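Student: Got a predicted model here, sequence first, then my questions.
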Amino acid sequence: MISDSYAQVWKTLPQGVRMLGYRNVTTTTINSEYNQGQAETPLSYSLNANASSLASISDSVSYYLEQLRTINPAAYDQFSYGQFTVGGEARLNVNGLGLGWGLTDRLTVYGIMTYYSANVRVKYKQLKQSNTQEIADSLGGASDGDDAIAAITAALPSSSGNMLQSVIVNTYGYNEVGDWYGAGYGDTELGATYGLIDRGYWGLSLTGGVTAPTGREDDPDLLQDIAFGDGQWDVFTEAAIGYAVNDALRFGSYLRYTYQAPADKTLRIPTSREIPLSANKGSFNVKYGDRVDASFLTTATVNDWLSFTPAYEFFYQLPSNYESSYGAANDYLAYNSDRMGHTARFSTSVSSIQPYLKKKFVLPATLSLHVQQTIAGKNVPKVGRFELELKLLF
């Protein structure tokens, strides 16, 4: 937040100087992710509407399926009302506001808060039709009871998205799946940066702070919502080191380590690794994996006003840990829970800070445009971002 305005990653604010920063972030449409194999896949849930998943829709459906299993267990096992996917795409707009204050020439304190707006669109797709007619044909003629169940099976209406909605709501107990809009505050970061070394042409600063869980958490009853925060306190430390070849070319790097404190959460209790849907909820103590973030950037300064900064960013989050009385569910949730992301970023900045220091401009400020894109990863969405940022010194 602070050092970008000076194009030197180790910089802190001078004593008594304050900085007000505002950033608007707009994402591209998010409709895919990098899976555990680091391959790009669409964002979707799959559901096979078989006999066991349909049994809880209503008492009459449960009675029919129980009769089918009694008469012909093989037909019950083969019964399917179709296979579906529920796909989604999302767009987010985030407004961030930050304030920094130079307590001394070396020590700057700051705070950053965010406000999210998110839109999610949901699409249904039927992959396979129901096999009810085949089941009915296999039942016919064996006995009167078989004939009655066969007639009911043959008369079942075609499977559809409404039926899928009924399974999700009545069988699994989720809220209806559909388009979703949400808005609210994200997590809040509070920190302090200390300039450890400043030799003019190179420097090193250290930052420490906390992230407070002020953001909206994921709702276990909604499949399509987006969390604006992760629901627990974080403690982080960061080092920034940079080197200036000359006034026109500078290099910099950040390295941050974040410890994520455990917290109690209400989650769905999975019954297998492969199926994300679950009908039951329970209390878990969740310790999200600690996270390492690194970035490497080069700033080319055209003149006192204009600069360009290409950058590469990387993060890795360790696997999470879940503790509860649901032994197997703990392992299912922790399985494949580590995350990794690679991001390419390019920034253009127009700054009046140097002209202000040279008494050629009345206001010290920076206006920046940032464009970034996820280029690879594991268990992370593929997303592009456009950011417009304004910083004022006073």
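Tutor: Structure received. Numbers count the residues shown, from 1 in each chain.
Student: what's near enough to touch the residue nearest to A311 when sequence neighbours are not counted?
Tutor: In this structure, A311 finds its nearest non-sequential neighbour in L297, 3.8 Å apart by CB to CB, 6 or more residues apart in numbering. No exception for glycine: its C-beta is placed from N, CA and C like everyone else's. Shown in contact with L297 (CB atoms under 8 Å, 6 or more residues apart in numbering): 9, 251-253, 309-312, 345.
Student: quick one: what helix or strand has L297 in it?
Tutor: strand 291-301 (DSSP states H and E).
Student: what is the mean pLDDT for that strand?
Tutor: Here strand 291-301 scores 96 as its mean pLDDT.
Student: Could you tell me which residues within that strand count as buried?
Tutor: 291, 293, 295, 297, 299, 301 (16 or more other CB atoms under 10 Å).
Student: Find out how far that strand is from the centre of the chain, if you would.
Tutor: Counting by CA atoms, centre = their mean, to the nearest Å, strand 291-301 is centred 22 Å from the centre of its parent chain.
Student: Note down every partner strand of it and its orientation.
Tutor: As defined by DSSP bridges, the strand partners of strand 291-301 come to strand 249-260 (antiparallel), strand 306-317 (antiparallel).
Student: Columns mean pLDDT on top of those strands, output as a markdown table?
Tutor: Shown next, in a markdown table, are the strands paired with strand 291-301 (pLDDT from 0 to 100):
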| stretch | mean pLDDT |
| --- | --- |
| strand 249-260 | 97 |
| strand 306-317 | 97 |
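Student: Please tabulate those strands in CSV, including the columns distance to Y332 and mean neighbour count.
Tutor: As requested, the strands paired with strand 291-301 are exported to CSV (distance: least, CB to CB, whole Å; neighbours: other CB atoms under 10 Å):
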stretch, distance to Y332, mean neighbour count
strand 249-260, 20, 18
strand 306-317, 18, 17
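Student: want to throw these into a markdown table with distance to N175?
Tutor: Formatted as a markdown table, these follow (distance: least, CB to CB, whole Å):
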| stretch | distance to N175 |
| --- | --- |
| strand 249-260 | 28 |
| strand 306-317 | 28 |
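Student: Confirm A344 sits in a helix?
Tutor: No: counting by DSSP: H, G, I helix; E, B strand; the rest coil, A344 is not part of a helix but strand.
Student: which residues touch it?
Tutor: Taking CB under 8 Å, 6+ apart, one finds 310-312, 372-373, 375 in contact with A344.
Student: 7 Å instead, please
Tutor: Residues in contact with A344 (CB atoms under 7 Å, 6 or more residues apart in numbering) are 312, 372-373, 375.
Student: Give the ChimeraX command for selecting the buried subset of those.
Tutor: Selection of buried members from the contacts of A344 for ChimeraX, criterion 16+ other CB under 10 Å:
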select :372
